Each structure stands twice: as C-alpha cells, then as structure tokens.
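# sequence? don't have it. structure:
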C-alpha cells in the first residue's frame, strides 16, 4: 500500500516539483538584455542604408554572436502586417547591421528583435525611419503600342481558329449526310 | 502471285484487326487490378482535395511568397505532355512519315487525358474554385492567365475533334465487328459516335478533308497553347522568368516530354496487347531520334539561357544561378541536367544501349527531367527575393502529395478507359499505310507482274 502510494503520488509530485523548481530557477537565471535600435534620422527612397541594433548584457557589456531579426510594418490594401527584412548577427561590439533599401516614401516603423537564448532574456526595440523621395523610385514608361495589336486582334485570331474548326466539322457533317443519302437512295 | 500477296495482306489486316479489337472484348484480371488501384489512389486524392477545400490553401506548403508549387508545376508538365501528343501525331502526318500510323492514337489519347488533368491541377491550385467562372466573366484581356484559359479551351476542342475524326473509322470497325458483343454503355457510345457513317466514298472523302484541315490547324494551335502558358511566367516582372526565349523553350520541353510519353505508351501497349508485329523496333528507333534531337535542343536552350543571364548578371539572376548551381535547388537542377538531358541523349547515341529497353528508359528519364525542370522554374523562380527579405522555402505537404498522386493516377486511368472505348492503335490508318507501301512497291513493274499475277 505504502509502496503503491509512493509510486503513484509521491514520486510524480517530487518529479513535478523538481521540474518546476529547476525551470523556475533557470528562468530566473536568464540575464536581462537590452536592445537598442539605431536608425539614420532620414533617408531617400532607393538609397541603401544600414539598420543597426546593439545588444548588451546586464552590465552594459556587448553580447556577441546572437541573431537579430529586423522587421517592418507595412500596409497593403488596408491590411497591416510585419514583413521580415532579414537577420544579422551581432559582432564583438554587440552591433548587428542589416543593409536595407527603402522603396517607399514616408514613415516606416522598424522593429529589431532578439529571441533570447538559454542564458539571455529576449529583447526588442523599435524606431521609425523617415524616407523622403527626390523623385519616383519606379518610373512607368508609356506603353509601347504595336499598331493593330489590341483586344480585337486577339478576338480575331481566336475566331479564325474556331471558324476553321467549324468548317472542318461542317464539311465532315455534310459528307456524312450526303454519303448516307446516297446509300439510302441506292437501296431505295 | 498477286493473289498470294493479296491473301497475305488480307490475313495481315485481319490479324491486325483481331489484335487491336481483342482487348475491347473484355477486361483481363491485370487490367481490373490496375484500374482498382488507380481508382483507390484517385479516391484518396479526392479526399485530400476535400480536406484542402475545407481548410483552405493553408494546408499546402504554398505561402505569400512561393504562391505556386507542385500544382502549377504539374499543370505546366501536363500541358507540355498534351502538346507533345497531338503535335507529334499531326506533325508526322503532315510530313508524310508513314511509320507514324501505329503511334498516332496513343499520342491523341495522351493529349486528351493530359489536357483534362492539366485543367484539374488549376482547380487544385485555386483557393476558391467556385469562382473559376469569374475569369471568363470578369477576366481582363491584358492578362496572360486569361489568354491561357481561352487557349486551353480552344486546344481542348481542337484535340477532341481531331481525336474523333482520327478514331472514327476504327470506331466503325468496332461497331461492325463487336457491335452485339459490347456492353450496353459502349454499344451506345460507339453507335452515337459512328451514327450515319457507312464508309462510302463520299463520306471517306469528306472525312479525309476534315481530318486534313484539323491536322494543319492543330499544329499552330498546339504551339500557341504552350507558348501562352510560358507567357504566364515570361510576362511577369520576375528575373528568372524574364526571358524572351521562354516560349520556344517551353515548346521544346513539351515535344521532349511528349515524345517520351508516346514511347512509354507504345512500350506498354506492345507488351500488354502483343503488338510486336505492328510496333517493331524501327518505330522506337525513329522516335528515339526525335527524342535525342529534342534533348540536344533542350541542352542548347538551357546553356543559352544560363550563359546570357549569367553574363549580364543582376542581383536577382545571381541569386538564381547560385541556387541552381550550389544552393537549395542544386540537387534538382543537376539531376535534371545529368539524368534528364545528358543521360537520355547518351543512351540513344550509344549503339549498345540503343534498343527498346534503353529507349524506354531514356523516355522515362526525359519525363522525370522535364518534371524537375518545371519544378525549379516555378518554385525556384518564386524563391528569388524581389525585396530585401529572406528567400522562402517550399515543401509540398501531404494534401499536395495526395492530390498530385490522385491526378497522375487519373491521367493513367483516363488513358486506360479510352483504350476500352476505342482501338488503341489506328487500325484503318495502319492498313492504309500498308496498302500504300505495297502499291508503291509494285509500281515499277506493273506491266510484267500484272499478266503473271492474273494467270496464277
């Protein structure tokens, strides 16, 4: 009875408590980190800039060899979502640099995120990048028109093909009818 | 002597008819087993499609960046197979290649089955298939997707007319020889399709003219169809697809895989229907020449495309060349180059391996190669980042794999069903060619042989 009680209640309870204590102490042992996002104050659309994020530990020391994810929030057809711009790894001074080529004029919110590790707590930072435009990044050329190439030409080509199908089927149908009539006439 | 020849020819024709009609009399155990297995796979594919329809395209590996995957890959593959079938049948007819007769029916079956399956792959790729009609109602004429819908419909109609006209004399033969022994469904099917046909000279003449018109028109329609399919890619602002040679490149690939499929069909038919007499090694060797020639053309296109885009390299084409040569697409690309292009060519060029077994192997490899080529064009093209983001990966999920297996099985199933609805080889055409060859052989000596033949 005692052995069964030990196996079914005490042992699992001890294991669970040990697990939570260890997990809790592990979580408690995570060192706090700080992420600072450094963005150029202003840039021009079409000009490449570097997005920079610095990861530091609890005593302000740089954290090396950790991956930082850069994202930006964009809107398309009234839907806001995050777009991954890319990842960069921190150097010995804790800096992660990502080249970025802004394409649109206006203000873009950039996010830098450190997911954390077994030893380090996660951290994130955000900032805005003001992009101006000296001209259009994309220039639309006037369309090149081939004389006569339009909707009606496409319709005409398709119609000719279908007309040929109809001619072939009609020729065949008339032949079947005439051949049948001839045989029936001869039999009669 | 002439009577002897006539008797020999008659018995040859009778044997041909008997061999061609024998599989239509009933179904062997192997046929029933094969049909059952294929139907089970198709049913599994239908289940997977129902699952996908319920939960949406999220259950596939496709996402916002790689938005076309295995479905569009297979769509392009089957459009190619369909083009290869009728195109080869019609082109060989136009160029008076007399040896083509036994393989035309298979080519036409492949075309129709491949077109049906290709259009089903489009439906599999649609998140909201119930809106498919909208492309006809509200589609914009500026879009190559709309051109493709009209092209596909036109080619399907043309191929069905061509198949019907080509098969009509054989259907009439089937009605005459097997009419009463056929099951009710096939009896109605054959009677409806051959209604009014009595084979009189007037009807034969009209039939011949209609078939000739269709033979001429189906070749440009087939080329148009596959070129328009290539334009779906070629007219998109995406670096690896942005190539003016995409049209001819796709047409070349279509002929390559089409010839391969016809060779495989012939080999299976030869084995299962015991048609060694009518499908001798000569036919395989002739098609092998076509396969080897097309393999050479495909190698040329591939080199030309890569060298020109690599020479004036842009950031996007650099990414593409890297992913093909040593990146994540490299295993697919190099398998395509070595196993899909170079090995089939080598098998056919080396006399030791240039036999039926080798040619069928080369044909199978050619089709595997073309599937891989379509895959890295579609998926590899979409992996190229157009904005500064991480290149996405694509892995087909189980619903995609199941639907793929279901539709490929449906392709084989459709061909097997067609083989029970009409003779699998063009009996009338082969007999006509045989007569033509005999007449040609007798032509130089009519004055000498006619009296002798008459006296015997």
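Looks like it arrived, so ask away. Keep in mind that what you see is a predicted model, and the values were worked out from it rather than measured.
# for whatever residue of chain A ends up closest to chain B, give me the pLDDT.
Of all residues in chain A, residue A:175 sits closest to chain B, at 1.9 Å by C-beta to the nearest C-beta. Just so you know, the C-beta spots here come from the backbone N, C-alpha and C atoms, and that holds for glycine as well. The score at residue A:175 is 92. That number is its pLDDT.
# neighbours of it, just the number please.
22 (other C-beta atoms under 10 Å in any protein chain shown).
# list the contacts of it.
Taking C-beta atoms under 8 Å, 6 or more residues apart in numbering or on different chains as the definition of contact, the neighbours of residue A:175 are B:202, B:203, B:205, B:206, B:207, B:209, B:210.
# pretty sure the second one sits against residue A:179.
This points to residue B:203. Yes - taking C-beta atoms under 8 Å as the definition, residue B:203 is a contact partner of residue A:179 at 3.4 Å.
# can you tell me the centre-most residue of chain A?
Compute the mean C-alpha point of chain A, and by C-alpha atoms, centre = their mean the closest residue is residue A:83, 5.5 Å away.
# ok, the helix or strand harbouring that residue near chain B or not?
Per DSSP states H and E, residue A:83 falls inside strand A:79-89. Yes - under the criterion of C-beta under 8 Å from any C-beta of the partner chain, chain B is reached by strand A:79-89 at A:83, A:84, A:85, A:86, A:87.
# buried ones only from the residues you listed, please, as a PyMOL command.
For the buried members of those, the matching PyMOL selection, counting by 16 or more other C-beta atoms under 10 Å in any protein chain shown, is:
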select buried, chain A and resi 85+86
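# any low-confidence regions in chain A?
Counting by pLDDT under 70, chain A contains low-confidence ranges at A:1-7, A:19-29, A:76-79, A:134-143, A:188.
# in it, which spans are strands?
With DSSP state E, the ranges of strands along chain A come out as A:34-38, A:42-44, A:49-56, A:67-76, A:79-89, A:95-100, A:106-114, A:123-132.
# can you check which helix is longest in chain A?
Longest among the helix segments of chain A by residue count, using DSSP state H, is helix A:151-187.
# got any ranges where the stretch 351-456 of chain B has weak pLDDT?
Low-confidence regions of the stretch 351-456 of chain B, defined by pLDDT under 70, span residues B:436-456.
# rewinding a little: among the strands of chain A, which is nearest residue B:97?
Each of the strands of chain A has some distance to residue B:97 by C-beta to C-beta; the shortest is strand A:67-76, at 55.2 Å.
# partners of the closest one, with directions?
Under the criterion DSSP bridges, strand A:67-76 sits next to strand A:79-89 (antiparallel), strand A:106-114 (antiparallel) in its sheet.
# grab the most central residue of chain B for me.
Using C-alpha atoms, centre = their mean, the residue of chain B that lies closest to the mean C-alpha position is residue B:81, 3.3 Å off.
# what strand or helix carries the closest residue to that one other than its chain neighbours?
Once flanking residues are discounted, residue B:81 sits nearest to residue B:114: 4.1 Å by C-beta to C-beta, 6 or more residues apart in numbering or on different chains. Take DSSP H and E as the rule and residue B:114 turns out to sit in helix B:101-125.
# could you check the angle strand A:95-100 makes with the strand holding residue A:83?
Computed with axes from the mean of the first three to the mean of the last three C-alpha atoms, to 10 degrees, the direction of strand A:79-89 lies at 130 degrees from that of strand A:95-100.
# quick revisit: of all the strands of chain A, which one comes closest to residue B:218?
Among these, strand A:67-76 comes nearest to residue B:218, with 44.0 Å by C-beta to C-beta.
# residues of that closest one that come out buried?
For strand A:67-76, the neighbour count (16+ other C-beta under 10 Å) marks A:68, A:69, A:70, A:71, A:72 as buried.
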